[in-house]
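>>> Predicted structure and sequence below. I'll ask about it afterward.
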Amino acid sequence: MSLLLARAGLLSQAAVQMPTSDIGSVVVLDTARRPTGYTLSNANQTAINTSGGSNYTRWIPAARPILPTDGRRYWEVLCAPTGAAAFDGFTGLVSAAQREAFNSGNLPILLGSIGWRGNGSLWSSATTLQSQRVTTLPPYGKGDVLMFVFDPAFARIWIGKNGIWHADPVTGAPVFTGNLSPAFYPYIHGRNAGDGGTLRSLPSQFAYPVPQGCRALGYVEPALTVLEAGAYWEISWDSPLSTGDASVWIEQGGASAMTFADTSLFIERGSGPGICAAFWTASALRAAPHCKPSPPCSPPPLSWP
């Protein structure tokens, strides 16, 4: 790695552990595909069956897909505390082919969709005929935190509950391998009154750590990722940035939504908002757009998690 990195092109680097900060945005449920039996809350991240009654076979997909090129994605679903001790519905992913059937009454386990049922079984079918594929998963119900890792390139899924993986997504074989789809959508299903859940898509929302080699569901790839640099200069760039370590950081008019884990010295003039640092070893100077770097002005402070 060179001691000096000036941002002026594309830097290629080897794969590393994925960031643990919130790089990306929250994945919400699709308000345009909400059957009337559900009530949405928590900025459209929570769906509860409030008027669908019993044996409600309709469901709500996420608004943002998981694409085959997205790599392994991790997310959680917090089961609604208003629901049953043992859910009868499903939680998982719906395929692109079944996405528009959200209000048809067909359970989200057909045409390549995958559903973990509350009784501990897993269902998936490449056709319109239901098929139970696994019967040894843990059951779940109100208050449980369901954990998912999905590899969209091969339709492989790993499942866990309350911090315990049924199969380790780092070293173990998947729980199930399904049929490929041009897109998959996590979903919430409340089969009976009070059932439902909250879709968690970013590290700050998770109850458990993102497994190694996986990205959070809401992760969006930065325009440039820097693992380590002795010094870093940036002038008037316009895209998000993520870096692991920089000894000296000098920026003028850079992008917003930058994150970095460790910086010894940071000097910034006229950059956008949304800068987050985990650790500072020396000092930080931030100047407003029309102020000289020294002495500094008093713009909004930097934020530390």
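Structure received. Numbering: from 1, shown residues only.
>>> Would you confirm that F90 contacts L110?
No: proximity of F90 to L110 does not meet the contact threshold set by C-beta atoms under 8 Å, at 11.0 Å. Any C-beta I mention is one placed from the backbone N, CA and C, and that applies to glycine too.
>>> Kindly provide the distance from N119 to V134.
11 Å (C-beta to C-beta, to the nearest Å).
>>> Could you do L29 as well?
Counting by C-beta to C-beta, the separation of L29 from V134 is 26 Å.
>>> the more surrounded of these two?
When L29 and V134 are compared for neighbours, L29 comes out ahead with 26 against 16, by other C-beta atoms under 10 Å.
>>> which residues touch the more buried one?
Contacts were defined as C-beta atoms under 8 Å, 6 or more residues apart in numbering; by that measure L29 touches L40, N44, Q45, A47, I60, P61, A62, A63, I188, L199.
>>> for G197, same thing?
In this structure, G197 makes contact with T46, A47, V77, L78, C79, A80, T91, L146, I188, G190, judged by C-beta under 8 Å, 6+ apart.
>>> Using JSON lines, please lay out these together with neighbour count and secondary structure.
Rendered in JSON lines, the data for these read as follows (neighbours: other C-beta atoms under 10 Å; DSSP: H, G, I helix; E, B strand; the rest coil):
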{"residue": "T46", "neighbour count": "19", "secondary structure": "strand"}
{"residue": "A47", "neighbour count": "27", "secondary structure": "strand"}
{"residue": "V77", "neighbour count": "23", "secondary structure": "strand"}
{"residue": "L78", "neighbour count": "20", "secondary structure": "strand"}
{"residue": "C79", "neighbour count": "25", "secondary structure": "strand"}
{"residue": "A80", "neighbour count": "23", "secondary structure": "coil"}
{"residue": "T91", "neighbour count": "26", "secondary structure": "strand"}
{"residue": "L146", "neighbour count": "22", "secondary structure": "strand"}
{"residue": "I188", "neighbour count": "28", "secondary structure": "strand"}
{"residue": "G190", "neighbour count": "30", "secondary structure": "coil"}
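>>> Need those in JSON lines (columns: distance to P209 and pLDDT).
JSON lines is the format used below for the contacts of G197 (distance: C-beta to C-beta, whole Å; pLDDT from 0 to 100):
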{"residue": "T46", "distance to P209": "23", "pLDDT": "98"}
{"residue": "A47", "distance to P209": "25", "pLDDT": "98"}
{"residue": "V77", "distance to P209": "16", "pLDDT": "98"}
{"residue": "L78", "distance to P209": "16", "pLDDT": "98"}
{"residue": "C79", "distance to P209": "20", "pLDDT": "98"}
{"residue": "A80", "distance to P209": "24", "pLDDT": "98"}
{"residue": "T91", "distance to P209": "20", "pLDDT": "98"}
{"residue": "L146", "distance to P209": "15", "pLDDT": "98"}
{"residue": "I188", "distance to P209": "23", "pLDDT": "98"}
{"residue": "G190", "distance to P209": "28", "pLDDT": "98"}
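>>> of all these, which comes closest to G178?
For G178, the nearest member of those is T91. The distance, counting by C-beta to C-beta, is 14.8 Å.
>>> Report the separation between that closest one and I157.
Shown here: T91 relative to I157, a distance of 11 Å by C-beta to C-beta.
>>> What about the nearest residue to P182 once chain neighbours are set aside, how many residues nearby?
Among residues not flanking P182 along the chain, A96 sits closest, at 5.1 Å (C-beta to C-beta, 6 or more residues apart in numbering). Here the number of neighbours of A96 (other C-beta under 10 Å) works out to 17.
>>> how close does A96 sit to A183?
4 Å.
>>> which residues are in contact with both of the two?
By the contact definition C-beta under 8 Å, 6+ apart, A96 and A183 are jointly contacted by P65.
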